[in-house]
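Chemist: Provide a 3D model corresponding to the input given below.
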Amino acid sequence: MLKIIGIYLMLVQIIYGYINIYPSFFYKELKKEGTYETFVLTNRSKEKVRYRIYFEEKLFPELGAEVYPKSITLNPYEKKELKVLITPSEKLKFGMHNLTLVIKEIGTPKEKNKKIYSMLKLKISGYYGDLKLKLSGNIEKIKDQIDLEIENKGERIGVFSAYLLDDKKEWIFLDSFILKPEEKWKQKYDYDKEYSKIKIEEQDGKEYFFQNLK
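Modeler: Numbers count the residues shown, from 1 in each chain. Predicted structure coming up:
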């Protein structure tokens with residue numbers, strides 16, 4: 001059976017300040033040859049800043065996690081990229097694995113007296129193995145309101161988007177959400193157009209839920 005691997009990054013903690021980074025999470029299939037994500041750091045202040053970038057935990061050789069560069073200096077309003085690469089080995093056990101990427105301000109030579117520096121942590125939660133996703137739910141259209149209740153009955157976390165089909169046969173984006181196993185997503189939406197169908201798909205485009213609204 002083909003091994004399917006995914007990796008999920010989510011912003012979990014910001015302390016002692018603010019660091020502007022995009023995207024703030026990453027979730028997609030991790031391929032044998034390696035999968036990487038590019039993050040963009042932006043300095044929105046009027047001062048030069050320097051950051052040190054590293055993984056908080058001791059690296060597991062089976063994960064093959066790398067980050068480049070190890071440090072970044074940003075002038076006021078400047079942007080620079082950093083890349084995270086995950087290349088797991090076949091020895092990695094099936095299931096969930098976690099790492100924490102740290103982006104820590106280290107100051108410049110002119111900031112000898114600065115006592116508080118910003119630090120951001122990105123939690124990397126990855127799954128290894130053929131872990132299934134399965135959605136169930138109930139969707140009702142009552143007059144000018146749509147009520148949604150979706151539950152993840154699968155074995156792993158999923159990042160989903162919901163779309164509505166309008167009278168022009170075009171799919172209109174409704175919302176996006178993250179669901180852990182056994183977790184439910186409930187929302188109510190007001191609308192003033194005629195929609196005939198709703199679908200929910202994962203980030204890779206695979207549909208996991210489809211329902212007619214008429």
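
Chemist: what sits against Ser176?
Modeler: 159-162 (Cβ atoms under 8 Å, 6 or more residues apart in numbering). For glycine as for every other residue, the C-beta is placed from the backbone atoms N, C-alpha and C.

Chemist: and it, what pLDDT?
Modeler: Per-residue confidence at Ser176 stands at 88 (pLDDT).

Chemist: distance of it from Ile103?
Modeler: 24 Å (Cβ to Cβ, to the nearest Å).

Chemist: then Lys199?
Modeler: For Lys199, the distance to Ile103 equals 36 Å [Cβ to Cβ].

Chemist: cool, and Pro181?
Modeler: Using Cβ to Cβ, which is the criterion applied here, Pro181 is 29 Å from Ile103.

Chemist: quick one, which of the two is more surrounded?
Modeler: Regarding Pro181 and Ile103, a neighbour count based on other Cβ atoms under 10 Å identifies Ile103 as having more, with 21 against 15.

Chemist: packing partners of the host helix or strand of the more buried one?
Modeler: In this structure, Ile103 is located in strand 95-105 according to DSSP states H and E. Under the contact criterion of 3 or more Cβ pairs under 8 Å, 6 or more residues apart in numbering; DSSP states H and E, the helices and strands touching strand 95-105 comprise strand 49-55, strand 119-128.

Chemist: report the inter-axis angle for the first one versus strand 95-105.
Modeler: Between the axes of strand 49-55 and strand 95-105, defined by axes from the mean of the first three to the mean of the last three Cα atoms, to 10 degrees, the angle is 160 degrees.

Chemist: return the list of helices and strands in contact with strand 49-55.
Modeler: With contacts defined as 3+ Cβ pairs under 8 Å, 6+ apart, the secondary structure elements packing on strand 49-55 are strand 65-68, strand 71-74, strand 95-105.

Chemist: just put these in CSV and tack on distance to Leu131.
Modeler: Putting the helices and strands packed on strand 49-55 into CSV (distance: least, Cβ to Cβ, whole Å) gives the following:
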stretch, distance to Leu131
strand 65-68, 19
strand 71-74, 34
strand 95-105, 8
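
Chemist: what pLDDT does Trp171 get?
Modeler: Trp171 is given a pLDDT of 92.

Chemist: okay, how far is it across stretch 43-58, tip to tip?
Modeler: Stretch 43-58 has an end-to-end distance of 29 Å (Cα to Cα, to the nearest Å).

Chemist: mind listing what's buried in it?
Modeler: Taking 16 or more other Cβ atoms under 10 Å as the basis for neighbour counts, the residues of stretch 43-58 that come out buried are 43, 49-51, 53, 55.

Chemist: same thing with stretch 82-95?
Modeler: Neighbour-count burial for stretch 82-95, with 16+ other Cβ under 10 Å as criterion, is recorded at 82, 84, 86, 88, 92.

Chemist: just the CA trace of it, in CSV.
Modeler: Output in CSV follows, covering the C-alpha atoms of stretch 82-95 (Å, rounded to 0.1, in the frame of the first residue of the first chain):
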residue,chain,number,x,y,z
LEU,A,82,12.8,31.0,5.1
LYS,A,83,12.2,27.4,4.0
VAL,A,84,11.3,24.3,6.0
LEU,A,85,12.0,20.9,4.4
ILE,A,86,10.8,17.6,5.7
THR,A,87,12.2,14.4,4.2
PRO,A,88,11.2,11.4,6.3
SER,A,89,12.9,8.0,6.2
GLU,A,90,11.1,4.7,5.9
LYS,A,91,12.0,4.0,9.5
LEU,A,92,9.5,6.6,10.8
LYS,A,93,6.7,5.0,12.7
PHE,A,94,3.1,5.4,11.6
GLY,A,95,1.1,8.0,13.5
